[in-house]
Structure formats: C-alpha cells, structure tokens
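J.: A structural model of the following input is requested.
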Amino acid sequence: MPPPVNSFGYAFTTPMQMNVIAGARMQPLDDDWRQTLSVDNGVLVISVAQGSPAKESGLHGSDVIISADGQPVMTVRALQRIVSEATANTVKLEVVRAGKKQTVTLRWGER
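T.: The predicted structure follows:
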C-alpha cells in the first residue's frame, strides 16, 4: 500500500505548487526540459525531504524518473497512480541521474 496521505505530503497540491509523492517534490517535464535532459518522458525530482520514504529509498533531487515498475512515466499523476496501485510496498523506478540510467526502489512502510 502507498504511504498514508498525511505522511510526507503524499497527496497532490494545488496547480501552483509542486506535486509531492513519498516526500519527493516533482514537476512534469516540458519539451524544453526533455530536450535539455535528453529524455523522451519523465518527471523531474525537485527536492527530497529528509526522513521521507523517497530519501530513505535513495531518490535525489535532480533525478528524472522515466519509468515505474516498467511503465513509462509521463506525468506526476501517472507516477502517483502506479505507486497507489502497487501490490507491495515498493515500486521500482528507472531514473536518469547525471546523464546515466539507474534503478531506485521506492519503499514505504505499512499503513
């Protein structure tokens, strides 16, 4: 199950604010960002809160999450859906960090 809504701002915020999942603030990539970062899809991790499931899992600010559990990530909402539908308390994320692909397993505790 995904982290509870009241932990680390897991819920979506207003459109003027960044989207937060498991303590990581994210924003979608527009065409300019995708070209600059040399990715076809993904969401940019803006920052990761200390002590959050995202931080404990090894996610870093400036990571670009390009897939989750083998599914391409085009929007923060798509990533949130994949996390919320996870049958285990983990989601395998493929990220681009400093131009190189890496795998990070997002983990969270029981509700």
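
J.: rest of the way, CA atoms for contacts and neighbours
T.: Fine.

J.: can you give me phi and psi for Leu93?
T.: Backbone torsions for Leu93, taken as degrees, to the nearest 10, come to phi -110, psi 130.

J.: and the gap between it and Asp32?
T.: Leu93 sits at a distance of 23 Å from Asp32 (criterion: CA to CA, to the nearest Å).

J.: again, but for Val95
T.: 18 Å.

J.: more neighbours: these two, which one.
T.: Val95 (25 against 9; other CA atoms under 10 Å).

J.: got a pLDDT number for that one?
T.: For Val95, the model assigns a pLDDT of 97.

J.: spatially nearest residue to Leu93, not counting backbone neighbours?
T.: Spatial nearest neighbour of Leu93, chain neighbours left out: Ala68 (4.5 Å); criterion: CA to CA, 6 or more residues apart in numbering.

J.: contacts for stretch 86-103?
T.: Contacts to stretch 86-103, defined as CA atoms under 8 Å, 6 or more residues apart in numbering, come from residues 1-2, 37, 62-70, 83, 104-110.
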